[in-house]
Structure formats: C-alpha cells, structure tokens
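Undergrad: Structure of the sequence below:
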Amino acid sequence: MNADRPPVLAHQRFAADRASFAGLDLTARFERILCTNLWGATTSVSGLGSEDAATAAIREALPALLQRLGARALLDAPCGDAGWIIDCVHGLDYRGVDIVPSLIAANALRAQRGEIAGRFLVADITRDALPATDLILCRDGLVHLSFDNIFRAVSRFRASGAQWLLATTFPEWEVNSDCEDGDWRALNLQHAPFSWPAPVELINERCDEGDGGWRDKSLGLWLFADIPENPRTRMAD
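TA: Numbers count the residues shown, from 1 in each chain. Sure, this is the predicted structure:
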C-alpha cells in the first residue's frame, strides 16, 4: 500500500531544497546532493541506505547469488562511495560508475592505495555507453530518476550486453508516480509504466527505516531478455 507509508528523509530534504535544483542538469543535481549531504547519512555520502545496518541483508545474500549465477563481472551503476559492496565482489571483475566526478576520483584513489579493489569510471547511466559485464547492480538508483531517465538508463544497461539486472523494487507498492530527477519515491517495477514480470529472485533488505514502514524494500533479479522494451525509451544522441 502507498498511503500509510512513513516519510523518507531523502524526499523530505529534496522537497525542502527544491528551488536550489531549478535549472541544474543531472550531473549538477547529484553533485549538489553530495556536497550538501542532502540524504542525511552520517557514515556514507550515498545516504542512509548505504550505511552498514541498511546493507547487512544484502551483504549476506549477494555473494551466494553471484556464485549461483556464475557471474564473473559486475557493474555497480551507480556505485556512490562503493562503501558496502567491496566485501561482496571478491574474485569478480568489479567496476563502479557514477555521475559525480569527485566520488569516482575518491574511489579510484582508494583503489590505488589498495584499500578497495575495482575500477571506477565517470558515467551518466542515462546517456553514456557502459562497460561490458555479466550483471548490473542498480541499487537505490532508479528511485531518484524521472520515468524518462529510467527508460534511458535501462536501455543503456541492456546495450552493455549484460545478462542480468539486480535493481531496487518495492513489491507491495501499488502505484508508481513520476518524480523530478534527484528526488526520491518508491517504485514497484512490476507495475506501470514498467510492467516487468516477477523477478527471478528477490532479496528483502530488511529495511527498518520509518519503523518498518518500508519493510518490502528489495533487490529484484531480472533477465534482460525478460524485461519488456518500452516505447517511451529514448536513447541519448
């Protein structure tokens, strides 16, 4: 259900600062979110959903899932500060992309120092060609994009040649609404305007934000072959 959900900090703080985003392109929007710590987390610039407690269930489940799928390469899009995922991708060709150059520079420096493993690239998932990979992880990414940019991102994901997509979805959410880029709202990818089939697998994140009001927050796994083409999808020039 939608109506009885508690407020989410990312949406509340964007709404309070909405005027500051007027006229900004996608890169500038997410740069502003980063430099103002708009999402309000204390241990991760990528927001509350990237803190240790919020990622515990995924960190438990993801390595075994990747092994079952036989994945050799994973693209984390967007990767944010790449804080929680590093312990989940040992032995994989891990690449992270993000639209904010300073995040990628910080991640690359940590990799150079041997603090994390992986390769990092500045990329706009709605417009840029993405590296070839087996599986794309898009956690807490599409929820911040307008419908049109979601369709563009999925087209870019598909064009990478990846077989699998692991993306955030809320299976109990009833009606999807559009939003301004950089804002936040829940999405159920099985409902319009996406109408994807049921995911092959579902990892419930055990989200406790809002006193359990978002307990259905999950990562859904889809084969790209099963994701329908959308007539609204427009590849960037």
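
Undergrad: Got the phi and psi for Trp222?
TA: phi -130, psi 150 (degrees, to the nearest 10).

Undergrad: nope, Val97 is what I was after
TA: Taking degrees, to the nearest 10, you get phi -120, psi 150 for the backbone angles of Val97.

Undergrad: go on, the one 5 residues further on?
TA: Note on Ser102: its backbone torsions stand at phi -70, psi -30 [degrees, to the nearest 10].

Undergrad: Excluding sequence neighbours, find me the nearest residue to it.
TA: Nearest residue to Ser102 in three dimensions, chain neighbours excluded: Leu34, at 7.0 Å (Cβ to Cβ, 6 or more residues apart in numbering). The way it works is simple: take the backbone N, C-alpha and C, and place the C-beta from them, glycine included.

Undergrad: To which secondary structure element is Gly220 assigned?
TA: Taking DSSP states H and E as the definition, one finds Gly220 inside strand 218-223.

Undergrad: what does Ala53 give?
TA: Using DSSP H and E, the element containing Ala53 is helix 52-69.

Undergrad: That helix to strand 218-223, inter-axis angle?
TA: Calculated by axes from the mean of the first three to the mean of the last three Cα atoms, to 10 degrees, helix 52-69 forms an angle of 20 degrees with strand 218-223.

Undergrad: Please name the strands paired to the very next helix or strand once past helix 52-69 in the sheet, noting orientation.
TA: Of the helices and strands lying after helix 52-69 in sequence (DSSP H and E), the nearest is strand 73-76. Strand 73-76 has the following strand partners under DSSP bridges: strand 93-98 (parallel), strand 135-138 (parallel).

Undergrad: Check the ones you listed for me and report the most buried one.
TA: Most buried of these by mean neighbour count (mean count of other Cβ atoms under 10 Å) is strand 135-138; its value is a mean of 25.

Undergrad: Other residues contacting that strand?
TA: 66, 69, 71, 73-78, 85, 125, 130, 153, 157, 160, 162-168, 219 (Cβ atoms under 8 Å, 6 or more residues apart in numbering).

Undergrad: Give me the ChimeraX select line for the residues you listed, limited to the buried ones.
TA: Selection of buried members from those for ChimeraX, criterion 16 or more other Cβ atoms under 10 Å:
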select :66,69,71,73,74,75,76,77,78,85,125,130,153,157,160,162,164,165,166,167,168,219
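
Undergrad: Which elements pack onto the helix or strand containing Leu103?
TA: Leu103 is part of helix 101-112, with elements assigned from DSSP H and E. Applying 3 or more Cβ pairs under 8 Å, 6 or more residues apart in numbering; DSSP states H and E, we find helix 101-112 packed against helix 26-35, strand 93-98, strand 119-122.
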